[in-house]
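1. Can you look at this prediction? I've put the sequence above it.
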Amino acid sequence: MIVLETEDNKMKPNLTILISLFFLSATNYLMAQPSTSFYFTTAIPVNEYQNFDNEVGYGGNFEFFFISPSKEKPIGMGVSLSYLGQGLYFYDDPCDCETNLGNNRANNFINLNMILQVAPTGGTVRPYLETIFGGSYIFSNTELITLNYNSVNLYIDDWAWTYGIGGGFKFLLGAQENESGSVYLDIKGRYLMSSAVYLLDRNSIRYANDRFYYSVNETQINFVAVQVGIVLYFR
């Protein structure tokens, strides 16, 4: 019996080979070295947001890369969870409105982002570029106290899409490159942006006729962030 080889019959082995190669490549890539890192962050307002509130923010950042970039596999993917506080006052903060702002936490940012990082070289010094995208929950929690010791708690919150670009250098500390448990000092800079949000500023709250009044302002968040941290490679 003669079997005619149709175009479909020709394509099936080729398609099987392509699918097999794809899954083998993906499996091999996903076995790349994971890493985790911790950072101290200083964030400087810029552009429109600097005109709204020019106070420097401080916070911390935790990142986990399930695919760490390397010389052989230069593209990495991970997640970032960070907190940033801007205008934190843990004491009474007098203002010109016959009241005090007690324990004022002006603006707080909790950010969750995906990170795509490109690091084309290995070695003891590793330069890299990255881009991030995710969301931010923004809130303020302020206790308002009049001179007659009447108090009101004011809580304002909003959320926004966040995105940005950045880059930096990783410097090997101690252990040999690619050795299990190797540690790097990481110094990076990021330019961070957001969609429009509603926030309090230093002039948003006033007290008159035995009542508190507040207003919120719409703005986009723009920070230049400087981060210093430690990166630990698991294997």
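-> Structure received.
2. which stretches of this protein have low pLDDT?
-> Applying pLDDT under 70 to the chain picks out residues 1-32, 88-106, 145-151, 175-181, 201-203, 207-211, 235.
3. Could you pull out the helices in it for me?
-> 7-30, 47-52 (DSSP state H).
4. what's the burial count for residue 234?
-> Burial measure for residue 234: 12 neighbouring residues, criterion other Cβ atoms under 10 Å. Any C-beta I mention is one placed from the backbone N, CA and C, and that applies to glycine too.
5. Got phi/psi on the nearest residue to it once chain neighbours are set aside?
-> Nearest in space to residue 234, with sequence neighbours left out and distances taken as Cβ to Cβ, 6 or more residues apart in numbering, is residue 34 at 5.1 Å. Dihedral pair for residue 34: phi -80, psi 160, per degrees, to the nearest 10.
6. From what I see, residue 34 and residue 65 are in contact.
-> Yes. Residue 34 is within contact range of residue 65, at 6.1 Å (criterion: Cβ atoms under 8 Å).
7. So for these two, which sits in the more crowded spot?
-> residue 65 (22 against 17).
8. All the strands of this protein, residue numbers only.
-> If you assign secondary structure with DSSP state E, the strands in the chain sit at 35-45, 57-67, 75-88, 93-94, 99-118, 125-146, 151-173, 183-199, 205-208, 211-214, 217-233.
9. got these as JSON lines, with distance to residue 51 columns?
-> Conversion of the strands of the chain to JSON lines gives the following (distance: least, Cβ to Cβ, whole Å):
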{"stretch": "strand 35-45", "distance to residue 51": "9"}
{"stretch": "strand 57-67", "distance to residue 51": "16"}
{"stretch": "strand 75-88", "distance to residue 51": "14"}
{"stretch": "strand 93-94", "distance to residue 51": "21"}
{"stretch": "strand 99-118", "distance to residue 51": "15"}
{"stretch": "strand 125-146", "distance to residue 51": "18"}
{"stretch": "strand 151-173", "distance to residue 51": "18"}
{"stretch": "strand 183-199", "distance to residue 51": "13"}
{"stretch": "strand 205-208", "distance to residue 51": "19"}
{"stretch": "strand 211-214", "distance to residue 51": "20"}
{"stretch": "strand 217-233", "distance to residue 51": "9"}
